[in-house]
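got a sequence here, can you build the structure:
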Amino acid sequence: MKRSISEKMLSQKQKNTNNEKRIAKKSRFLITVNVLGSTGPLRFLVKESDSVSCVIDAALKFYASEGRLPTLCSDLNSFLLYPANSGWDSLNLGDPIGESGVRKFVLCKKQRQPQMTEAQSDMIARKGRNNWKAWAWLNKSFSLKLLSSH
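A predicted model of the protein is given here:
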């Protein structure tokens, strides 16, 4: 039962294809994403090579397809992805998700800082000066009362 060269090559190609499929399956893993303010986590498969931005996008699409509340915008730049148990630093959008070594994440909406206009800053500055005058008057009046009571 000798095999011909073409049969050997065909069986070798099939083995290589099976190995590639196994490697592709190994490079995918299940992650859990808790969306801040929502009930229950999202669970879905990602590739190790997927960027953090792709994972955020997939989480937002999955969240919307399930009709969860509260409704979220679809702009992935409005969100940060944090490892659930690994500190306070969010993941960089361009980094591969597999590099983090974590399988549980928290998705948070970025906090927007209100922009202060010149009029608002002037008003705050004036209020600060007026309050200082009130405190100075109050301190002076208390010190006079304390001195006169002795």
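
flag the shaky bits of the chain, pLDDT-wise.
1-26, 114-150 (pLDDT under 70).

can you give me the neighbour number for the nearest residue to Lys104 once chain neighbours are set aside?
Closest residue to Lys104 apart from its sequence neighbours, by CB to CB, 6 or more residues apart in numbering: Ala84 at 3.9 Å. From N, CA and C alone the C-beta is placed, and that goes for glycine too. Using other CB atoms under 10 Å, Ala84 has 13 neighbouring residues.

equivalent analysis for Phe105, please.
When neighbours are defined as other CB under 10 Å, Phe105 has 27 of them.

for whichever strand or helix holds it, which strands pair with it and how are they oriented?
Per DSSP states H and E: Phe105 is located in strand 104-109. With DSSP bridges as the test, strand 104-109 is paired with strand 28-35 (parallel), strand 79-83 (antiparallel).

mind listing what's buried in the first one?
By that I understand strand 28-35. Ile31, Val33, Asn34, Val35 (16 or more other CB atoms under 10 Å).

and what of stretch 83-98?
For stretch 83-98, burial by neighbour count (16+ other CB under 10 Å) applies to Pro83, Ser90, Leu91, Leu93, Pro96, Ile97.

and of the residues you listed, the nearest to Gln113?
Closest approach between those and Gln113, by CB to CB: Ser90, at 16.2 Å.

tell me the contacts of the closest one?
Leu80, Leu81, Tyr82, Cys108 (CB atoms under 8 Å, 6 or more residues apart in numbering).

out of the residues you listed, the closest to Ala59 would be?
Within these, proximity to Ala59 (CB to CB) peaks at Leu81, which comes in at 8.0 Å.

what sits against that closest one?
Per CB under 8 Å, 6+ apart, neighbours of Leu81: Val33, Val52, Val55, Ile56, Ala59, Ser90, Leu91, Phe105, Val106, Leu107.

could you export these as a markdown table, including distance to Leu42?
Compiled in a markdown table, the contacts of Leu81 are given as follows (distance: CB to CB, whole Å):
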| residue | distance to Leu42 |
| --- | --- |
| Val33 | 5 |
| Val52 | 15 |
| Val55 | 10 |
| Ile56 | 11 |
| Ala59 | 6 |
| Ser90 | 17 |
| Leu91 | 16 |
| Phe105 | 9 |
| Val106 | 11 |
| Leu107 | 8 |
